[in-house]
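Asker: Take a look and give me a structure for this.
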Amino acid sequence: FSCIAPVLFYCNHSLNPHVVHYSKMKGGCIEARCCRSIKAGEEVFLSYGPIPTSKLIAFYGFALESNPYDKFGMQIDLDDFACGSADGMQGKRA
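Answerer: I've put the predicted structure just below:
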């Protein structure tokens, strides 16, 4: 379990973030280490982690257009498929 430091809460999530690591330093300061340069006036992004869209919506209230961490469940009844039959559906017709 992790949490976002209050000041970093204002940074938005990105799959290509500027900030990849941050830590609390002495005196209550936060050190944020960037993995790429930041131009003057550019919004600073961080990564909330490898989170699927379902959790981004539930916990953060947004979704990414294309998220490589999306996953879905699928259940297949292998009894519906027969090995060795020409159409793969032994005894069943569409």
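Asker: now the strands: where do they sit in the chain?
Answerer: Remark: strands assigned in the chain by DSSP state E are 12-13, 19-24, 30-34, 45-46.
Asker: The first one pairs with which strands?
Answerer: Each strand that pairs with strand 12-13, with its direction, by DSSP bridges: strand 45-46 (parallel).
Asker: quick one: contacts of the partner strand?
Answerer: Outside strand 45-46, the residues within contact range by CB atoms under 8 Å, 6 or more residues apart in numbering are 4, 8, 11-14, 16-20, 22, 32. All C-beta atoms are positioned from the backbone trio N, CA, C, and that covers glycine.
Asker: Show the low-confidence segments of this protein, by residue range.
Answerer: By pLDDT under 70, the low-scoring segments of the chain are 1-8, 25-26, 81-94.
Asker: which one is the spatially most central residue of it nearest to, not counting chain neighbours?
Answerer: Centroid-nearest residue in the chain: Ile51, 2.8 Å away (criterion: CA atoms, centre = their mean). Spatial nearest neighbour of Ile51, chain neighbours left out: Tyr69 (6.0 Å); criterion: CB to CB, 6 or more residues apart in numbering.
Asker: so what's the one you found up against?
Answerer: 50-53.
Asker: Which residue ranges of the chain form helices?
Answerer: According to DSSP state H, the chain carries its helices in the segments 53-55.
Asker: related to what we said a few turns ago, of the strands of the chain, which approaches Ala63 most closely?
Answerer: Nearest to Ala63, of all the strands of the chain, is strand 12-13, at 10.6 Å by CB to CB.
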